[in-house]
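Peer 1: Any chance you could fold what I've pasted below:
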Amino acid sequence: MELGIAVGIDGSAASVCAVRWAAREALSLGVPVRLVHASVPDALTREGLWQETVQRERGLRLLHDASIGLRDRNPGLCVSRSLITQDATTALLAAADDAELLTLGRRDLGPVERSLLPDTGMQVAARADRPVVFVRADGRKQPHLPDADPTGVAVGLCLRHPCEELLRFAFRMALQHGTAVRAVHGVSLPAAADALWSSSPETVEAAAAVAGQGLCEVLRPWRERFPWVRVLDEVAFDSAARALVSAASRSGLLVVGHRRARHFPASPLGPVARAAIRHAICPVAVVTHD
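Peer 2: Residues are numbered from 1 along each chain as shown. Next up, the predicted model:
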């Protein structure tokens, strides 16, 4: 069976944006799109009647309308649809297992909503073996910056851990779109040393040289493996989260990593990945790695 791009839909503006992004990627890859909607019957209503039939009909109608709209806007695109009678997390994880990547819409949540509501997308990204791409729905535009590349792929790297899966995904996406990879490594300065660092440019330059050399070593085999892909390496003296959000404002896709749990079925997304998903203005791909 040919793997394609799965996309979760729920009728929200965020899922509409996710569907459109998935369609563009599927066309460029020449793979199908699979629309997925989860439908779980509620408990008995006050009248004592199950809502399974109503929910099923709504889900089928949502999938039908979305698939018709996709085919009309994208002639030649192969579109399938699945209504899964499971909770959303389980349904989306199953869909991701049968796809090259899973696409989800991302809407902004206020602090109260984030504290009270379970975040299905974050749970899925933390447990999925396939890349999960979050697409924003708030319509924020990329600013006009001198080094901005609206199709470029930014990837956040931590030099202390292996990052093969992240770089493989980032370079393949860049090759697919004929664009550049921007490899970003954030270096935080110790708070107690701020005054020392600011008064010693030589120390800052030395630290930048060490980090830059480490970044070049990590990227060297990928430059050789993908000689057609332009590579930019960037050392930012900032927290990893802020460095990546800044890079996202100059890119078309941001790739972040999630380390696979060794002793447990899954571990929550780390603070850098969560910050990227919440604040980056471009789509964010979460790639699980060892």
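Peer 1: Going by residue numbers, what spans are helices in the protein?
Peer 2: 13-29, 52-73, 88-97, 111-116, 120-127, 164-177, 194-198, 201-225, 240-248, 271-279 (DSSP state H).
Peer 1: which stretch in the ones you listed is the model least sure about?
Peer 2: Sorting the helices of the chain by mean pLDDT places helix 111-116 lowest, at a mean of 43.
Peer 1: before we move on, back to that, closest one to D233 among the helices of the chain?
Peer 2: D233 lies closest to helix 201-225 among those, at 4.8 Å (Cβ to Cβ). Every C-beta, even on glycine, is put in place using the N, C-alpha and C of the backbone.
Peer 1: hang on, the earlier thing: take the helices of the chain and write them to a markdown table, including mean neighbour count and distance to R260.
Peer 2: Listed next are the helices of the chain as a markdown table, based on neighbours: other Cβ atoms under 10 Å; distance: least, Cβ to Cβ, whole Å:
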| stretch | mean neighbour count | distance to R260 |
| --- | --- | --- |
| helix 13-29 | 20 | 24 |
| helix 52-73 | 15 | 32 |
| helix 88-97 | 20 | 14 |
| helix 111-116 | 9 | 25 |
| helix 120-127 | 22 | 10 |
| helix 164-177 | 20 | 9 |
| helix 194-198 | 11 | 35 |
| helix 201-225 | 13 | 19 |
| helix 240-248 | 22 | 19 |
| helix 271-279 | 20 | 13 |
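Peer 1: Mind putting the ones you listed into JSON lines with distance to D149?
Peer 2: Shown next, in JSON lines, are the helices of the chain (distance: least, Cβ to Cβ, whole Å):
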{"stretch": "helix 13-29", "distance to D149": "17"}
{"stretch": "helix 52-73", "distance to D149": "25"}
{"stretch": "helix 88-97", "distance to D149": "28"}
{"stretch": "helix 111-116", "distance to D149": "31"}
{"stretch": "helix 120-127", "distance to D149": "25"}
{"stretch": "helix 164-177", "distance to D149": "10"}
{"stretch": "helix 194-198", "distance to D149": "30"}
{"stretch": "helix 201-225", "distance to D149": "17"}
{"stretch": "helix 240-248", "distance to D149": "10"}
{"stretch": "helix 271-279", "distance to D149": "18"}
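Peer 1: Would you mind saying which of those lies nearest H37?
Peer 2: helix 52-73 (4.6 Å).
Peer 1: Tabulate the CA atom coordinates of that closest one in CSV.
Peer 2: C-alpha atoms of helix 52-73 as CSV (Å, rounded to 0.1, in the frame of the first residue of the first chain):
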residue,chain,number,x,y,z
GLU,A,52,-23.9,7.7,17.8
THR,A,53,-26.0,8.0,14.6
VAL,A,54,-26.0,11.8,14.7
GLN,A,55,-22.3,11.9,15.2
ARG,A,56,-21.6,9.4,12.5
GLU,A,57,-23.7,11.3,10.0
ARG,A,58,-22.0,14.6,10.9
GLY,A,59,-18.5,12.9,10.5
LEU,A,60,-19.4,11.4,7.2
ARG,A,61,-20.7,14.7,5.9
LEU,A,62,-17.6,16.5,7.1
LEU,A,63,-15.4,14.0,5.4
HIS,A,64,-17.4,14.0,2.2
ASP,A,65,-17.5,17.8,1.9
ALA,A,66,-13.7,18.1,2.6
SER,A,67,-12.8,15.4,0.0
ILE,A,68,-15.0,17.0,-2.7
GLY,A,69,-13.5,20.4,-2.0
LEU,A,70,-10.0,19.0,-2.2
ARG,A,71,-10.6,17.2,-5.5
ASP,A,72,-12.2,20.4,-7.0
ARG,A,73,-9.2,22.5,-6.0
